[in-house]
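**Q** Provided below for reference: sequence and predicted model.
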Amino acid sequence: MKRTLAVLILTLAAVAAFADDTPIEKPIRWTWIATSCETWNCAAAALVMADGNKYVMVLPTGREDKPWIVLRRIEEGAIEIPDDEPYSCSVYKTVGDAAIDYGVMDTCHAPLILNVPDGRAVIASLKECDGGSSKKRAVR
């Protein structure tokens, strides 16, 4: 009985010592970024480099100067976005939250709203209104 009690106490002490030495790591936080492309070749190359990654997608913008954007899910803090990148992404927990912001955005930002594979919602839009080169649509 004494032996069993001693083994139990030593085991508990060893487990407690191991648990104290184990570092606690922060979970990886993911975000989405938008990168604009001037040609389909640029956008297609991004898809090829993604090698089937479901967290990389190409979307048409309807603009003449930057007709494609590439959306990627990356680890937060893993990349620096150039200052001259015209598009930005806002990430939301639900499509409902994104729809509220989408509804109040000025159309000159050319916003695109979508539900992404990780279950969240993203609005990709121009950082600044340039009033520029979006294609005009005929309305009937």
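**A** Looks like it arrived, so ask away. Note that this is a predicted model, so its numbers are computed, not measured.

**Q** CA only for contacts and neighbour counts going forward, please
**A** OK.

**Q** where does the chain dip in pLDDT?
**A** 5-8, 10-28, 130-140 (pLDDT under 70).

**Q** does residue 41 count as helix, strand or coil?
**A** At residue 41, secondary structure determined by DSSP: H, G, I helix; E, B strand; the rest coil is helix.

**Q** Tell me how many other residues crowd it.
**A** The local packing of residue 41 (other CA atoms under 10 Å) involves 10 other residues.

**Q** Now do it against residue 121, distance only.
**A** Here residue 41 is placed at a distance of 27 Å from residue 121 (CA to CA, to the nearest Å).

**Q** Dump stretch 95-113 to CSV, restricted to CA.
**A** The C-alpha trace of stretch 95-113 is given here as CSV (Å, rounded to 0.1, in the frame of the first residue of the first chain):
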residue,chain,number,x,y,z
VAL,A,95,-21.7,37.1,-43.9
GLY,A,96,-24.4,39.1,-42.0
ASP,A,97,-21.7,41.3,-40.4
ALA,A,98,-20.0,41.8,-43.8
ALA,A,99,-23.3,42.6,-45.5
ILE,A,100,-23.9,45.5,-43.1
ASP,A,101,-20.6,47.1,-44.0
TYR,A,102,-21.1,46.3,-47.7
GLY,A,103,-24.4,48.0,-47.7
VAL,A,104,-23.0,51.3,-46.5
MET,A,105,-19.8,51.3,-48.6
ASP,A,106,-19.5,53.8,-51.4
THR,A,107,-19.6,52.2,-54.9
CYS,A,108,-16.5,54.0,-55.9
HIS,A,109,-14.6,51.5,-53.7
ALA,A,110,-15.8,48.7,-56.1
PRO,A,111,-16.5,46.3,-53.2
LEU,A,112,-16.7,42.5,-53.7
ILE,A,113,-18.3,40.4,-50.9
